[in-house]
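Chemist: following is a predicted model, sequence given first.
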Amino acid sequence: MSVDTYGPSSQNLTFLETEEADMIGADTQGSEFEFTDFTLPSQSQPPMSQLDSSSSTHRMQLLSNKTDKDDSNVITVTKKIGELQFEDEEEDSFFTKELPYYACKYCGIHDPGCVVMCNICKKWFCNGRGNTSGSHIINHLVRAKHKEVTLHKDGPLGETVLECYSCGVKNVFVLGFIPAKADSVVILLCRQPCSTQNALKDMNWDQEQWKPLIADRCFLTWLVKVPNDTDQLRSRHVSATQIAKLEELWKDNNEATINDLDKPGVDEEPQIVLLRYEDGFQYQNVFGPLVKLEADYDKRLKESQTQENITVRWDVGLNKKAIAYFHLAKTDGDMRLMHGDELRLRLTGENPWAGIGHVIKIPDNYGEDVGLELKINNGVPTEITSNYVVDFIWKSTSFDRMQCSLKRFATDESSVSSYIYHRLLGHEFDDLMFRSHMPKHFSAPNLPDLNRSQVYAVKHAVQRPLSLIQGPPGTGKTVTSATIVYQLVKINGGPVLVCAPSNIAVDQLTEKIHRTGLKVVRVCAKSREAIDSPVSFLALHNQVRKMSCNVELQKFQQLKDETGELSMADEKRYRALKKAAERELLKAADVICTTCVGAGDPRLVRFKFHSILIDESMQATEPECMVPVVLGVKQLILVGDHCQLGPVVMCKKAARAGLSQSLFERLVVLGIRPFRLEVQYRMHPELSRFPSNFFYEGSLQNGVCADDRKLSKIEFPWPVADKPMLFYVTQGQEEIAGSGTSYLNRTEAANVEKIATRFLRCGVKPDQIGIITPYEGQRAYLVQYMQYQAPLPAKVYQEIEIASVDAFQGREKDLIIMSCVRSNEHQGIGFLNDPRRLNVALTRAKYGILIVGNPKVLSKQQLWNHLLNYYKANNVLVEGPLNNLKESLIQLSKPKQLVNAANPGSHFMTTHMYDAREALIPGSVYDRSNQGNVPNSHGTPQYFPRPGPGPAVGMGLDLYTRNHDPLTFITPDSRSQPQIGGIPVGMVMNMNSMAPRFFNQQSVQNRQNIRTNRLPMTSGRLKTKPNQKNQKSNGVNASPLSQAVTQDVSQPYSQNMSQSMSQPGFSLSQPGLSQPDLSQDSYMMGEFHSQMDGLLSQDSTYQGDRTVTSFYNPPNTLYSQQPY
């Protein structure tokens, strides 16, 4: 967006002094300087010396309302003023006074009491919020990840570096103050540990009075003044979007200014992803640049993480390799350290040394140490423990494999079958079914028997070339996937390729498949071979070691283990023997399991897999899914749940362009119906009721009864005995965490500890409890609080898993305690708005869930309002001490509940909350809500065409989409017919006794018309050249009707791509794609990135007083969307 949008004074900062009485009326640029210091007189304007002094006197009297005696002089002055000619500001025909060095780099305000200097970049910023939800200095500190400031020398407190009085830490996000009980002074202390030290009591300081220096995203006004409204009115008006762009420019050019945003090539947005593609070349040309953007961001992030002055503890592993243990400071919320990552350890000083190793241990509740296993033992200075430096090594392997798969999809006809090729591109294609002998019983050996919906899903998957299986929480998705793989092997033979985005998901599925008796090989990256897992015995490298038939290979392996290395000739022979053994094992396997990016391993690249199953496919980006897909797939099964959290994309540009949308989601929007598993076996029936009704149209059945989910001999004061759930009202105040990109809430943390301690004292084991929170800042604070301030021994609390909501996806615990964190007057609730995140949080518990939060703040969002009203209606919205819980008297607004008459079980919380026919991502590529769109005459959003490759598309029937039911068309004519959309098939509900779920046959009729006019489909793939349009590339006759229908149904999905992304996400996302596995085994999860986005992008939810400049806010920017 052009910077012209933020006001006419954008190019030159000028001030309007309305109170100056000694200036003539024409001088609108006056200040303490003379008129000519600002503006040159025009040629027709007489010099000031020519204006008589008496006229000047009367002018002053007129403007100050002191007298009105000489009307003739007033008339003379008026004529003189009328002769003055004013130059337009944008013509740059006047001079402006240069601003002082300490002027705010965003808006130009330079009141010494209102500005502070960033100690890292030496730039000055004011404490005014302007058109953003936080002050300019806080905006800069968060975006630049800087944390230290100095006050101005002429300010109220003089030139002061803000630091902790006790330990000297300068991170302003952890600093607070405590007023003395007797003296009129304050002391600055950090949040932990200094503010909690008992020694403070002896010094007459009240620990309970500690408050952070930053409140409501501004420094406290006694520390740094907020500019008055007049100063902010005169200042340069900048939006959050322009601030974000300027911060990006400063990373490459520290001297860039706001004027540089207008230069060509600045902040160019990439091509957005489409719903349909002409051919594989267009597909590659869209996704390739997005993968590169993510790779560049990840590389820059990794290489900026060098840490110095590291102290190392040395050890020796079982394989006799040196292991270094050390502590890494969490300097960046975006950074994720994962098992298998490569680090370089360097020794500085007189005898420098450097070694490379793989991470084998990451920080957890038991310790903050990182374990690094070195590749080479020779010359390791194990006797030295200090003065080390740690460098993060960026590897492009993951991104290279994605790019290679995109290229292969476009150029290699054998990479996928013709059917899969056209369906993935979004082309219309007749449904196909494989002719094969179906078994009488679909269950697999040593796995639980399947319910009706699972049997239906397995039968559907093995008979069709492309299947989507939706597995809501606790519905046996892993068992169903393992059964599908078993039946595929029995029907078609092996090998079947099984993938998932994360190593944890792969290991879980590998274990289930192994139970069936199939020959399973787990292929993992060589960097992870030293990491133990529950299925390590199935790993390829371990199976090779156990091969008894190859005596020569065993001898070389034994020699290598004893000596640590082989001679050059022996090493060459050893590698050849090992490669042959690996290939032999892979050929003999029934099932090969690996991560999605691991499928690009050179050991697998020559294999052709008829059948491929991708589990947790919603958590993988589309290029990531394509890595296994291009290995010759003829039968593809995607398993996931698009009502839960999606993939992690760190680069915001790539996320906005659509990289954060999964292949599973795009296929759902294309109309491919996922088969939903509808019997849940995890949650107590009362816990499953709300998620079922509000996320899955009321379709989830309970496979367990209340008696199966009752904790025996555990006496906990549940408000309602037979409903193990409660919302604990807490009125604490949120604070910005030490990273500057997250939040914490100390009051909520204390209440979470009290609840956890109560369960422990009732006899609950620590590993039965899970504590989850959306914010990393709160997670870290909870870990510290449990260790140092909880009443029971610290070792007990170490066994309680404390993690982010995102990290708990796919996990479960008997009891879940959730801390919501957000509690403020003006800032909103951030990415708690994301319904997918709430869905994950509510569906982790088996026996009971307890939510700690501020209902007054949370209820402002419609979905949370529904949840809170649900809890209040069930008498479980409570407050007070745990020993005496009482129903809260808080009054909640009545929720607006919309019921889809075509589907009686469906409840829609907002116009953005769709059922399973639509992705639950606000502002996403496929979101057809009315954010940022102009309603047409029918009251529905208008979707305007965007430039990009591919044929021009029209508006079509999508102009008449209902807001609450995005795939149901309401056309102005009588042709509207019911349609069966791309939604999950109801398998357990009695479908014969109710009306069809979805009512719009318009596109069905269109499909029939297309098929009538279609030319016969060739058996092979239709060939097209790169960047060359081919009217038949989609496999249908290019008749006017087919073109019109294709255009009508394709465009809306690709229009709203520049809308605000809540996430992350999150993270994450979640959060750089340093390794392909976006999993729970990461140190820094991807929700951190979503947290920073949420911290900075809530201008729309800010409800406090704004300056009078708010009307300058650009209407359709990333940070000015209406809240979701």
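Modeler: Cool, the structure landed.
Chemist: I figured Ala144 was touching Lys122, is that so?
Modeler: No. At 11.8 Å, Ala144 and Lys122 do not qualify as touching, with contact defined as Cβ atoms under 8 Å. Where C-beta positions appear, they are placed from N, C-alpha and C, glycine not excepted.
Chemist: neighbour count for the two, which is higher?
Modeler: Ala144 (16 against 10; other Cβ atoms under 10 Å).
Chemist: what sits closest to the more buried one if chain neighbours are left out?
Modeler: Glu247 (6.0 Å; Cβ to Cβ, 6 or more residues apart in numbering).
Chemist: for Trp210, same thing?
Modeler: The nearest residue in space to Trp210 (Cβ to Cβ, 6+ apart) is Ser195, at 4.4 Å.
Chemist: wait, is the one you found part of a strand?
Modeler: No. Going by DSSP: H, G, I helix; E, B strand; the rest coil, the assignment for Ser195 is helix, not a strand.
Chemist: neighbours of it, just the number please.
Modeler: Residues near Ser195, counting by other Cβ under 10 Å: 25.
Chemist: the longest helix along the chain: what's the following helix or strand?
Modeler: Taking DSSP state H as the assignment, the helix of the chain that covers the most residues is helix 280-303. Downstream of helix 280-303, the first helix or strand assigned by DSSP states H and E is strand 307-310.
Chemist: mind listing what's buried in the following helix or strand past that next one?
Modeler: Where DSSP H and E defines the elements, the next helix or strand beyond strand 307-310 is strand 313-316. Buried residues in strand 313-316, defined by neighbour count with 16 or more other Cβ atoms under 10 Å: Trp314.
Chemist: each with direction, which strands does strand 313-316 pair with?
Modeler: Using DSSP bridges, the strands paired with strand 313-316 are strand 322-327 (antiparallel).
Chemist: so what touches the partner strand?
Modeler: Strand 322-327 has contacts (Cβ atoms under 8 Å, 6 or more residues apart in numbering) with 310-317, 345, 357, 360-361, 368-374, 377, 380, 382, 388, 390.
Chemist: spit out the contact partners of Cys218.
Modeler: 127, 129, 134-135, 138, 226.
Chemist: what phi and what psi does the backbone show at it?
Modeler: Cys218 has phi and psi values of phi -140, psi 150 when expressed as degrees, to the nearest 10.
Chemist: okay, and the beta partners of it?
Modeler: Ala215.
Chemist: how close does it sit to Gly476?
Modeler: 50 Å (Cβ to Cβ, to the nearest Å).
Chemist: what sits against the closest residue to Pro647 other than its chain neighbours?
Modeler: Once flanking residues are discounted, Pro647 sits nearest to Thr621: 4.6 Å by Cβ to Cβ, 6+ apart. Thr621 makes contacts with 402, 647, 649, 659-660, 662, as judged by Cβ under 8 Å, 6+ apart.
Chemist: between the residues you listed, which sits nearest Asp206?
Modeler: Val649 (45.7 Å; Cβ to Cβ).
Chemist: Ile851: helix or strand, and which one exactly?
Modeler: Going by DSSP H and E, Ile851 is in strand 845-853.
Chemist: specify the next element, helix or strand, located C-terminal of that strand.
Modeler: helix 855-858.
Chemist: let's see which of the contacts of Thr621 end up in helices.
Modeler: Going by DSSP H, the helices hold Met402 from those.
Chemist: buried members of the contacts of Thr621 into PyMOL, please.
Modeler: Buried subset of the contacts of Thr621, written as a PyMOL selection, criterion 16+ other Cβ under 10 Å:
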select buried, resi 402+647+649+659+660+662
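Chemist: reformat the contacts of Thr621 as CSV; add pLDDT and distance to Cys499.
Modeler: Formatted as CSV, the contacts of Thr621 follow (pLDDT from 0 to 100; distance: Cβ to Cβ, whole Å):
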residue, pLDDT, distance to Cys499
Met402, 97, 13
Pro647, 93, 14
Val649, 93, 19
Leu659, 95, 19
Ser660, 93, 19
Ser662, 95, 14
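Chemist: okay if I get the contacts of Thr621 as TSV plus distance to Phe556?
Modeler: Shown next, in TSV, are those (distance: Cβ to Cβ, whole Å):
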residue	distance to Phe556
Met402	35
Pro647	41
Val649	43
Leu659	44
Ser660	46
Ser662	44
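Chemist: could you flag which of the contacts of strand 322-327 are buried?
Modeler: 310, 312, 314, 345, 357, 360-361, 369-374, 380, 388, 390.
Chemist: quick check, nearest of the residues you listed to Gly732?
Modeler: The closest of those, once distances to Gly732 are taken by Cβ to Cβ, is Asp369, at 31.7 Å.
Chemist: pretty sure that closest one contacts Pro363?
Modeler: Yes. The pair Asp369 / Pro363 is scored as a contact, 6.8 Å apart, by Cβ under 8 Å.
Chemist: picking that back up, now intersect the contacts of Thr621 with the strands, please.
Modeler: Using DSSP state E, no member of the contacts of Thr621 falls in strands.
Chemist: which one of the contacts of Thr621 sits closest to Ile513?
Modeler: Ser662 (23.1 Å).
Chemist: re the thing from before, correct me, but the residue nearest to Trp210 touches Leu188?
Modeler: No. Contact criterion Cβ under 8 Å: Ser195 and Leu188 do not qualify, at 9.9 Å.
Chemist: quick one: residues contacting His514.
Modeler: By Cβ under 8 Å, 6+ apart, the neighbours of His514 are 520, 535, 538.
Chemist: does it belong to a helix, a strand or coil?
Modeler: In terms of secondary structure, His514 is helix; the call rests on three-state DSSP.
Chemist: relative to Cys524, how far out is it?
Modeler: For His514, the distance to Cys524 - Cβ to Cβ - is 15 Å.
Chemist: Ser418: neighbour count?
Modeler: 18.
Chemist: what about it, distance to Pro465?
Modeler: 10 Å.
Chemist: go on, Thr132?
Modeler: 51 Å.
Chemist: pull out the buried positions in stretch 588-605.
Modeler: 589-601, 603-604.
Chemist: report the two of these separated the most.
Modeler: It's Asp590 and Val597 that sit farthest apart of the buried residues of stretch 588-605, by Cβ to Cβ, at 22.7 Å.
Chemist: domains in the chain, by residue range?
Modeler: 3-91, 115-262, 520-588, 682-899 (automatic domain parsing).
Chemist: nearest to Gly349, out of the ones you listed?
Modeler: domain 115-262 (25.6 Å).
Chemist: endpoints of the closest one, how far apart?
Modeler: 26 Å (Cα to Cα, to the nearest Å).
Chemist: could you do stretch 101-111 as well?
Modeler: Span of stretch 101-111 from end to end, Cα to Cα: 12 Å.
Chemist: likewise for stretch 766-780?
Modeler: 18 Å.
Chemist: what mean pLDDT does that stretch get?
Modeler: Per-region confidence: stretch 766-780 scores 94 on mean pLDDT.
Chemist: report the buried residues of the helix or strand hosting Glu582.
Modeler: Following DSSP H and E, one finds Glu582 within helix 568-588. By neighbour count on 16+ other Cβ under 10 Å, the buried set for helix 568-588 is 574, 577-578, 581-582, 585-586.
Chemist: from these, pick the one nearest Glu278.
Modeler: Nearest member of the buried residues of helix 568-588 to Glu278, counting by Cβ to Cβ, is Leu586, at 36.1 Å.
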